[in-house]
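Novice: I would like to see how this sequence folds:
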Amino acid sequence: MIGIWAPFPFVLSEGLPMDVLNFPDQLSIVTVKASRPLIRPDGRYAIELATTELGSIAFEVDEQALFALRQAIGEIETEMKRRPGRA
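Specialist: Okay, here's the model as predicted:
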């Protein structure tokens, strides 16, 4: 499960289809400028993303979320290598 820490009202869309990229009008897309890991005093973990559109936002992560993120990043890296110049 990925939770979002953010200084603004944010509504999560549950149950998005796997091919949601075919429907970009249904996504909130941000440009990531930087990222860093966060560890709270209570032991929770998050990834902070500095974005152009929303400033800094953070996604709370656990082992399952990190696994899912690694898989998605790996798929994107594979596609970028397969089609250079499209990123």
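
Novice: contacts and neighbour counts: CA atoms only from here.
Specialist: Noted.

Novice: State the distance from residue 42 to residue 35.
Specialist: As judged by Cα to Cα, to the nearest Å, residue 42 and residue 35 stand 21 Å apart.

Novice: who's more crowded, the two?
Specialist: Set side by side, residue 42 and residue 35 show more neighbours around residue 35, with 14 against 6, by other Cα atoms under 10 Å.

Novice: Show me what that one bridges to in the sheet.
Specialist: Beta-bridge pairing of residue 35 under DSSP bridges involves residue 49.

Novice: pretty sure it contacts residue 56?
Specialist: No: using Cα atoms under 8 Å, residue 35 is not in contact with residue 56, being 9.0 Å away.

Novice: what residues are shared contacts of the two?
Specialist: Shared contacts of residue 35 and residue 56 (Cα atoms under 8 Å, 6 or more residues apart in numbering): 48-50.

Novice: could those residues be laid out in JSON lines, adding neighbour count, distance to residue 80 and pLDDT?
Specialist: Below are the shared contacts of residue 35 and residue 56 laid out as JSON lines (neighbours: other Cα atoms under 10 Å; distance: Cα to Cα, whole Å; pLDDT from 0 to 100):
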{"residue": "48", "neighbour count": "19", "distance to residue 80": "24", "pLDDT": "92"}
{"residue": "49", "neighbour count": "20", "distance to residue 80": "21", "pLDDT": "93"}
{"residue": "50", "neighbour count": "18", "distance to residue 80": "22", "pLDDT": "92"}
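
Novice: Using a markdown table, lay out these together with distance to residue 82.
Specialist: What follows is the shared contacts of residue 35 and residue 56, written out as a markdown table (distance: Cα to Cα, whole Å):
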| residue | distance to residue 82 |
| --- | --- |
| 48 | 29 |
| 49 | 26 |
| 50 | 28 |
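
Novice: Can you get me a residue count around residue 30?
Specialist: Considering only other Cα under 10 Å, residue 30 is surrounded by 13 other residues.

Novice: Tell me which residues touch it, please.
Specialist: 51-54.

Novice: could you show me where the helices are in this protein, in order?
Specialist: Remark: helices assigned in the chain by DSSP state H are 63-82.

Novice: Residue 43: neighbour count?
Specialist: Number of residues near residue 43 (other Cα under 10 Å) recorded here: 7.

Novice: Thanks a lot, catch you later.
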